[in-house]
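Peer 1: Sharing a model prediction with you, sequence too.
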Amino acid sequence: MDEVKLLSPRSLARIFTALLLLLFCTAAYPQTSAGSNHQENTGGSSAPTQPDQKPADKPSTQAPTQQTPPPKEDVKITPHEAEELFHSVDEILAFDSKHTGLPIKKQVKRRLTSRDEVVAYLTKHMKDEDVKRLQRSELVLKKFGLLPRDFDLEKLMVQLLREQVAGYYDPKTKTVNLLDWVPMDQQEPVMAHELTHALQDQTINLNRWMKKGDKDLGEIRKDPTPADIENDEIDDTREAVVEGQAEAMMLEYELAPVGRSLVNSPELVDTMESQMSSGTDDSTVFKDAPIFLRESLTFPYSYGLKFIVAMMEKSGRDKAFAGVLENPPHTTRQIMQPETYLSGEKIEPMRVPEFKHDFKDYVKFDIGAMGEFDVAVLIEQYAGKKASDRLYPEWRGGYYYAARPRKDATAPLGLLYASRWSSVEKASQFAEIYARGLHQRYTKVEETNPESASDSAAQDSESQPRTLHGRHVWTTEEGVVVIEEKGDTVLVSESLDPATTEILEREVFAVTK
């Protein structure tokens, strides 16, 4: 289910939720060395085997390899091959049910479809309001510097979907759609993924379950509460759960013929994540996409898979599948750090300003949470992957509010961004990274009257990262930028008038412990 949410600049899931709420489709999946010509063993064996496969002296340790990219001109599978595929649906569904513990309650319909039909389906389900949401998201992402200023997000979405889709389950029609341009030897692993969605649907009703997290804070009239902000990532986390479970079953299906599983093959999970991040050789649209889009598209698959594997290792199959569906995580932090979900960690929601009062001279454009996943990508964008991996676990809350001046609709988008960290030290490190990114986002950046000219340390290493303390002000071609660190909280004000910024500073830091 490639739902990419992005009204808030955290993942594009809400936009893809609008596009694909009824379409749970897969990306181009890597295959393991175990092969895919796989039949369920009905004789009680714990690991299904291929009829002609000789016993191995020891389990294969070869990492998954990339699928052979489809040719430029699609080669259609034959009617006979399609019939074979249809027959294998029930066998693979039984495999998925056995390994997830999710019961088969009814038969799953099956259909062969073409690439053009998939694109037409997506186009049909993209409504006018979805386009408006996409356009709004695009502007906020550009303000944060997560997309280039001249980037066409809508165009890329269509290109990515056409390039990446490899099969999908439609919960509205209860049908698994097999794609007539995907080679036969790649169809069965895809089915193992998609039929997991069918079992999920029969257990919880996927459409209804996913809609529980589809609350758009940018469209509600009243000010959001701290709880609203805290729960603004629910659709991201639920997407990660359903895709992580499906990825797990795809790999289990491929590993079973050689007697291996995800629990005893942790290196395959790491390899799988690496391959998803880099894309296949012909995934030119994906590889050329900005970091934010690549990370957003792979988040539910890569982090979702690791989350489910962690559940399997620490709590067993029932907890990893039925248990997580019944009690899903609600923040990306819980997905990225499964131990926080397992321990029941409680982080006090950040209290928020009185937006309507403070922005009385502005018209609300968008609002949302900035979760752990968002800051991970933001840090990676401006300071690299190592800095991101080091710092993002220290996140403890965040939100943004974007608005335009009431009397000037053509003025640059104004932005408030507040984030909370585990300590003063970590907050100051994030403040410095955000400040460093200003030079990538604006053509004219000049700092004026810094409180301390020596706040930023000369050295930048894992042992001594650079920091930024206090209040700093820059002028840019889009107005003034203020970055202020106080205690464990960082406030960012961009393109807002001084009076509004002053009010926001008083409110944000008044509630800081």
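Peer 2: Good, I have the coordinates.
Peer 1: mind listing what the residue nearest the centre of the chain touches?
Peer 2: For the chain, residue 299 is the residue whose C-alpha lies nearest the centre (C-alpha atoms, centre = their mean; 3.5 Å). By C-beta atoms under 8 Å, 6 or more residues apart in numbering, residue 299 lies in contact with 11, 236, 240, 332, 373. To be clear about C-beta, it is placed using only N, CA and C from the backbone, and glycine gets the same treatment.
Peer 1: Can you redo those residues as CSV, where the extra columns are neighbour count, pLDDT and distance to residue 418?
Peer 2: Formatted as CSV, the contacts of residue 299 follow (neighbours: other C-beta atoms under 10 Å; pLDDT from 0 to 100; distance: C-beta to C-beta, whole Å):
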residue, neighbour count, pLDDT, distance to residue 418
11, 30, 36, 20
236, 35, 91, 20
240, 31, 96, 25
332, 25, 96, 17
373, 25, 96, 17
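Peer 1: between these, which is closest to residue 111?
Peer 2: Closest approach between those and residue 111, by C-beta to C-beta: residue 240, at 27.1 Å.
Peer 1: so that closest one sits in a helix?
Peer 2: Yes - according to DSSP: H, G, I helix; E, B strand; the rest coil, residue 240 belongs to a helix.
Peer 1: how close does the closest residue in space to it that isn't next to it in sequence get to residue 466?
Peer 2: Residue nearest to residue 240 in three dimensions, not counting chain neighbours: residue 304, with 3.6 Å by C-beta to C-beta, 6 or more residues apart in numbering. Distance of residue 304 to residue 466, given as C-beta to C-beta, to the nearest Å: 33 Å.
Peer 1: which of the two has more neighbours?
Peer 2: Neighbour tally, residue 304 and residue 466, criterion other C-beta atoms under 10 Å: the higher count belongs to residue 304, 25 against 20.
Peer 1: what's the helix or strand for that one?
Peer 2: According to DSSP states H and E, residue 304 maps onto helix 291-315.
Peer 1: How far away from the center of its chain is the next helix or strand after that helix?
Peer 2: Using DSSP H and E, the next helix or strand after helix 291-315 towards the C-terminus is helix 317-318. Taking C-alpha atoms, centre = their mean, to the nearest Å, the mean C-alpha location of helix 317-318 is offset from the chain mean by 24 Å.
Peer 1: now swap in stretch 240-257 and tell me
Peer 2: Centre-to-centre, stretch 240-257 and its host chain are 17 Å apart (C-alpha atoms, centre = their mean).
Peer 1: Would you mind writing the CA trace of that stretch as CSV?
Peer 2: C-alpha atoms of stretch 240-257 as CSV (Å, rounded to 0.1, in the frame of the first residue of the first chain):
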residue,chain,number,x,y,z
ALA,A,240,4.3,0.9,8.4
VAL,A,241,2.6,-1.9,10.3
VAL,A,242,0.7,-3.3,7.3
GLU,A,243,3.6,-2.9,4.9
GLY,A,244,6.1,-4.2,7.5
GLN,A,245,4.0,-7.3,8.0
ALA,A,246,3.7,-7.9,4.3
GLU,A,247,7.4,-7.4,3.7
ALA,A,248,8.1,-9.9,6.4
MET,A,249,5.9,-12.5,4.8
MET,A,250,7.4,-12.0,1.4
LEU,A,251,10.9,-12.7,2.9
GLU,A,252,9.6,-15.6,4.9
TYR,A,253,8.2,-17.1,1.7
GLU,A,254,11.5,-16.8,0.0
LEU,A,255,13.6,-18.1,2.9
ALA,A,256,11.4,-21.1,3.7
PRO,A,257,12.7,-23.5,1.0
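Peer 1: ok, now how distant is residue 421 from residue 79?
Peer 2: As judged by C-beta to C-beta, residue 421 and residue 79 stand 59 Å apart.
Peer 1: what would the contacts of residue 299 look like in a markdown table with distance to residue 189 and secondary structure?
Peer 2: Below are those laid out as a markdown table (distance: C-beta to C-beta, whole Å; DSSP: H, G, I helix; E, B strand; the rest coil):
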| residue | distance to residue 189 | secondary structure |
| --- | --- | --- |
| 11 | 25 | strand |
| 236 | 25 | helix |
| 240 | 20 | helix |
| 332 | 27 | helix |
| 373 | 27 | helix |
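Peer 1: Could you export these as a markdown table, including distance to residue 392?
Peer 2: Converted to a markdown table, the contacts of residue 299 look like this (distance: C-beta to C-beta, whole Å):
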| residue | distance to residue 392 |
| --- | --- |
| 11 | 14 |
| 236 | 15 |
| 240 | 16 |
| 332 | 10 |
| 373 | 8 |
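Peer 1: which one of those is nearest residue 271?
Peer 2: residue 240 (19.3 Å).
Peer 1: Contact partners for the closest one?
Peer 2: Residue 240 is in contact with 299, 300, 303, 304, 307, 329, 332, 335, counting by C-beta under 8 Å, 6+ apart.
Peer 1: Which of the residues you listed sits closest to residue 109?
Peer 2: Of those, the one sitting nearest to residue 109 (C-beta to C-beta) turns out to be residue 300, at 24.7 Å.
Peer 1: Now residue 305. Nearest residue, chain neighbours left out?
Peer 2: In space, and not counting its chain neighbours, residue 305 is closest to residue 247: 4.2 Å by C-beta to C-beta, 6+ apart.
Peer 1: For the one you found, grab phi and psi.
Peer 2: Backbone torsions of residue 247, given as degrees, to the nearest 10, read phi -60, psi -40.
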